[in-house]
Structure formats: structure tokens, C-alpha cells
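Chemist: heads up, no residue letters with this:
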């Protein structure tokens, strides 16, 4: 991830792309923090081999917390007598971007930055005028429409490059737009004026309700916003997505019109529409979009693009591998690797959850065959069936047929059932699964309110604590109480307490002290990655 030298040289801050396990993937910039800039060939090395131990530990901790909390975190630190601040932002389930700057750097960070115009439309003045326009239009029964334009790319530039560069790009784009367009230049859209609601959201009010005229005027503005913005020798592009709401047709108050236009703009962004979308069309568009996503998901299932990523679960006291735990991931052709949270909702609402769960169950046999020669005979493979599949009357029969067809012995198959699903499935189903010889683990314990009576009556083997509580147990007293309660409940019910998020030795020690027996996390990531690579290599050459 190296950019044009002219742009890299202009960046005062050091930008690092770091994997969850502490491996540096890429870096750029750092003119004002030269003492911390890694060598050109540092990509692929661990943080400890690049930075001093305290700096590496601060980076690793910030990256893990940002990923776990799906948030942006600020952390001050010092090195060699200099003071710095770091901002870590999650970039998916396994990596984060860290921006490091000196706390003593001044206004000369970017050459000529102070001289650059940073225009912004008067937000307060625009909102006041917007309210007045709608009130007058309602009283005089005149037409009016509101277009909201979301500028995609501003936040990405700020995260991946630098916030000041993002400000320059936005300022240049805004300078091209007049804050008011005379009627004779507005392509029939009547009087038009522009405003800025936030960093990524522009608004345009048109005293018109003619659809063709509105579309033409919005298209003119969006075309201007799409033009390349030159910063030094580098070109940056913003992508506008516009949504339109019409007074009287979509809303009668400023708030309702803003809400409707914002919904239409969100739909335009979701569907990647270059044309402005009108709120009146969005219901139909959402229905069509859902069909498109369902079709894409159905094709992905058929093409085996959705597979399991395996994470090793270990005995916390000895480090012995006890299970390979599979989690869904979709290797999307265009959008890269997608976590389960990004597509399971679509699967559930389009009736594809059961189809997907059955497909993954079939693939489980191939995965086990690929791993079996490298696993001790006691190591189980863990499968988390989807809730909609488990609610089917045929679920127990599906598991029975899977075991009867061979490939995985029943004693080595573990079924993970989310706490939410566990509370709704008939207890008789658990008895039937137990008779088949499989091991049952209730997952995400602590996220809901599963009855202790139900846990005591079901023939289950283990309780797996919700990751959010585990990762925060050393810093959050509430999380500590939840983990302690879950582990004690497991012990009282004679079940195996299991944790996810065991990311370092101190975390393992804290869990052992609470009485937890097994766990998975970054502490064991290297061993798990070997099996993951093996499975994905086999998945790319399936043998049906």
C-alpha cells in the first residue's frame, strides 16, 4: 500500500495497516514522526520487530480493542522522550488502520495548508432558509423538493490517507458549486440553493416538483462533484449518491422531508445508483434490490463461495488443541471477504438460511477430511447451524443423515447453538441429537436471558461466553461479573465453560482464575491459520 511519492511526502502522520495478530500489512507517510517510520520492506513483519516494545504493545492493544469494539480509539503514548497520539480504526474483522502523529506538531503539517481555502456552506443559515421555503410553499401552495447528496469517499480518504487531505478534497469539490443557482440556469427546476448538513452530506432545495427538471439539475450537480480533485500529483474522486423527496407527496414538514430524502439517498448508495432516486420509488426499489441480493447469495451458495473459517479452541491450562471451530465467511468476487453479520440477515429474510446451513453442513465433511491427518483423534470439529435450519422439523434428521453417510464420527462432531436459538427449540430435539452421539454447546451466553432450568434439563456439554464480555473482562467491571456468572453457572450445571477472545497470556490467566477451561483467540492464531490456509486451498479445488 504505497502511494505516489509526492502525496506520501506531504503526509505528516504515519499511517499503518495492521492485522489483528500484530503483523504490519502496509504503511505510508510519517514526515513529522520520522523516528517511528518503518523501513520500506517492513510489511509482513510483526510489530515487535519494527518498534520498541512499549510502542509495539500499545499498537497491538489499540488494534485489538478497535476491532473488538468496532470503533475508533484514541491512545496517547511516548517513545524516546517524544510524545505521540494514535488513532486506531477497525477495517473489517481482522485488521485496523492506525494513524500516529506527534502531539507537538504544528500548523505546518501540510505545505500551504493554512493558505488553502476551506469553504463550507452556512449550515445554520441554510436550515433557516429551508424551513422558510417550505413554510411559504405550503401556505402559497407552491411546489418544492429537497435533494440530499451523500458524498462517498470523504471518510475513506480521511481514514486511509489523512484528515487534512480529505478536507482539501472536500473544499475543492465545494468550491466548484455555487451556493445559489438562478432560475434561468437551473434547467427548469426553479430557484435552487445549496447547503451542507455535515461532512459527507449536501442538500439542495428546488422550488419545483417537475421530476424531469429535478433529475436534470441534480445530475448537473453530481456530475460536478464526480470530477477528479487534484492534490499535488494525486487525483481523488468523490462519488455522489442523491435522494429526492417532494413536498406534499412525500412529506409536509422540514423534518419529514429530510428523513424521506435521506432514506432515498441511502437507497441510492446501497444500490450504487448514479441517478437520483425519488423516495416514492424506494419501496419498489428495495423489493427489487432484495431480489438481486437473494439471487447473488443463492449463486454464492451454489458456487461454494461461502465456507467456514476455522479457529482453534484450546485447553487454557495446557494449550492442547481440543476443537476446530468453524465460522461462516463469504469470499465475494467484488467486495472481498464478508463476515457472517454482513449477509446472514439477507439469508434469513429471503428464506435462504436453511439452504445455506445445509450446504455448509455438506462441506463440513470435506473440511474434516482435509484436516483429519493433522488432528489428534480427540479433536472435534464444531459446526454452528443457522437458527432457521435448527427450527425446521427435519433438522435432527439432517444431522442423522449426515452422520450416517460417514466422514465425521458422531463423537467428533460438535453442534454450536446460539443462546437465542436454544431458548426456542423444543427440548426433545436436544435429546434426539444427544442420542446420535454429538456434543452440544450453547453459544453467545450472556447475550440473552436463557433459563437456568432449561440449561439444566437439556443434554448439552458446554457453555460458550459471549465474546463482547470476554474481551472486556479486565477493564469493565460489568463484563467481569457477567463472565464470572457464566462460568459459575457452567460449573454448577456440570458443563464445560468456554471463552472466545483469548488474545494474550494475561487474558488467559484471568479466565483460568475465574475457572474457565477452554478458549480460542489471537493467542492461538498462528496454529489456527495453518488449518485455515489448508481448508481454503482445498475449497478452491473442490471435488464433488
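Modeler: Good, I have the coordinates. Everything numeric here is computed off the predicted structure, so don't read it as measured data.
Chemist: burial count for residue 226?
Modeler: Other residues lying near residue 226 total 13 when counted by other Cβ atoms under 10 Å. (C-beta placed from N, C-alpha, C; glycine too.)
Chemist: please name every helix or strand in contact with whatever helix or strand residue 442 lives in.
Modeler: Using DSSP states H and E, residue 442 sits in strand 439-445. Counting contacts by 3 or more Cβ pairs under 8 Å, 6 or more residues apart in numbering; DSSP states H and E, strand 439-445 packs against strand 413-418, helix 419-422, helix 427-436, strand 462-465.
Chemist: 6 Å instead?
Modeler: strand 413-418, helix 419-422, strand 462-465 (3 or more Cβ pairs under 6 Å, 6 or more residues apart in numbering; DSSP states H and E).
Chemist: so after that strand, what's the next helix or strand?
Modeler: The first helix or strand that comes after strand 439-445 along the chain, using DSSP H and E, is helix 452-457.
Chemist: pLDDT on that next one, on average?
Modeler: Throughout helix 452-457, pLDDT has a mean value of 84.
Chemist: same check, this time on stretch 349-357
Modeler: If you average the pLDDT over stretch 349-357, you get 87.
Chemist: quick one: pLDDT of the nearest residue to residue 55 once chain neighbours are set aside?
Modeler: Distances taken as Cβ to Cβ, 6 or more residues apart in numbering place residue 79 nearest to residue 55, at 5.1 Å, with adjacent residues excluded. On pLDDT, residue 79 comes in at 84.
Chemist: which residues are in contact with stretch 146-159?
Modeler: For stretch 146-159, contacts defined as Cβ atoms under 6 Å, 6 or more residues apart in numbering pick out 89, 97, 165-166, 169-170, 199-205, 218, 238-245, 257, 261-262, 265, 269.
Chemist: give me the buried entries from those.
Modeler: 89, 97, 165-166, 169-170, 200, 202-205, 218, 238-245, 257, 261-262, 265, 269 (16 or more other Cβ atoms under 10 Å).
Chemist: if we can go back for a sec, give me the number of residues near the residue nearest to residue 55?
Modeler: As a measure of burial, residue 79 has 16 neighbours, counting by other Cβ under 10 Å.
Chemist: how near is it to residue 60?
Modeler: Separation of residue 79 from residue 60 (Cβ to Cβ, to the nearest Å) stands at 15 Å.
Chemist: just residue 213 next, same as before
Modeler: 56 Å.
Chemist: of those two, which one has the most company?
Modeler: For residue 213 versus residue 60, the count of surrounding residues by other Cβ under 10 Å is larger for residue 60: 21 against 17.
Chemist: packing partners of the helix or strand in which the more buried one is found?
Modeler: Per DSSP H and E: residue 60 is located in helix 53-69. For helix 53-69, the packing partners by 3+ Cβ pairs under 6 Å, 6+ apart come out as strand 72-79, strand 82-90, strand 95-102.
Chemist: please identify the deepest-packed of those strands.
Modeler: Burial of these is given as mean neighbour count (mean count of other Cβ atoms under 10 Å); strand 95-102 ranks first at a mean of 22.
Chemist: quick one: list the elements packing against it.
Modeler: If you count contacts as 3+ Cβ pairs under 6 Å, 6+ apart, strand 95-102 packs onto strand 14-19, helix 53-69, strand 82-90.
Chemist: quick one: the strands in the stretch 101-250 of the chain?
Modeler: 145-152, 180-181, 192-198, 201-206, 229-231, 234-236, 239-246 (DSSP state E, counting those that start in this stretch).
Chemist: for the second one, the averaged confidence score.
Modeler: Averaged over strand 180-181, pLDDT sits at 50.
Chemist: quick one on the thing from earlier: among the helices and strands packed on strand 95-102, which is nearest residue 32?
Modeler: strand 14-19 (8.4 Å; Cβ to Cβ).
Chemist: next, the angle from the helix or strand following that closest one to strand 95-102.
Modeler: Once the chain leaves strand 14-19, the next helix or strand it forms, by DSSP H and E, is strand 24-29. Computed by axes from the mean of the first three to the mean of the last three Cα atoms, to 10 degrees, the angle separating strand 24-29 from strand 95-102 equals 40 degrees.
Chemist: pLDDT averaged over strand 24-29 - what is it?
Modeler: On average, strand 24-29 scores 86.
Chemist: which of the residues in that strand are buried?
Modeler: Residues of strand 24-29 classed as buried by neighbour count (16+ other Cβ under 10 Å): 24, 26-29.
Chemist: any idea how far residue 130 is from residue 217?
Modeler: 16 Å.
Chemist: equivalent analysis for residue 31, please.
Modeler: Distance, residue 31 to residue 217, by Cβ to Cβ: 43 Å.
Chemist: out of the two, which sits in the more crowded spot?
Modeler: More crowded of residue 31 and residue 217, by other Cβ under 10 Å: residue 217, with 24 against 17.
Chemist: give me the pLDDT value at the more buried one.
Modeler: 90.
Chemist: please renumber the chain so that the first residue is 442 from this point on.
Modeler: In the new numbering, first residue 442, that becomes residue 658.
Chemist: what ranges in the stretch 742-891 of the chain fall below the confidence cut-off?
Modeler: Within the stretch 742-891 of the chain, the segments meeting pLDDT under 70 span 775-777, 888-891.
Chemist: what do you get if the cut-off is 80, keeping everything else the same?
Modeler: Scanning the stretch 742-891 of the chain with the threshold set as pLDDT under 80 gives 773-780, 782-783, 786-787, 790-791, 848, 887-891.
Chemist: counting contacts, what elements does the biggest strand by length in the chain pack onto?
Modeler: Looking across the chain with DSSP state E, the single longest strand is strand 762-773. Secondary-structure packing of strand 762-773 (3+ Cβ pairs under 6 Å, 6+ apart): strand 747-756, strand 777-780, strand 821-824.
Chemist: compare those and report which one is nearest to residue 484.
Modeler: With Cβ to Cβ as the measure, strand 777-780 is the member of these nearest residue 484 (18.5 Å).
Chemist: report all helices and strands that the closest one contacts.
Modeler: strand 762-773.
Chemist: list the buried residues in the strand it packs on.
Modeler: Buried, per 16+ other Cβ under 10 Å, within strand 762-773: 762-772.
Chemist: of the residues you listed, closest to residue 632?
Modeler: Using Cβ to Cβ, residue 771 comes nearest to residue 632 of the buried residues of strand 762-773, at 47.9 Å.
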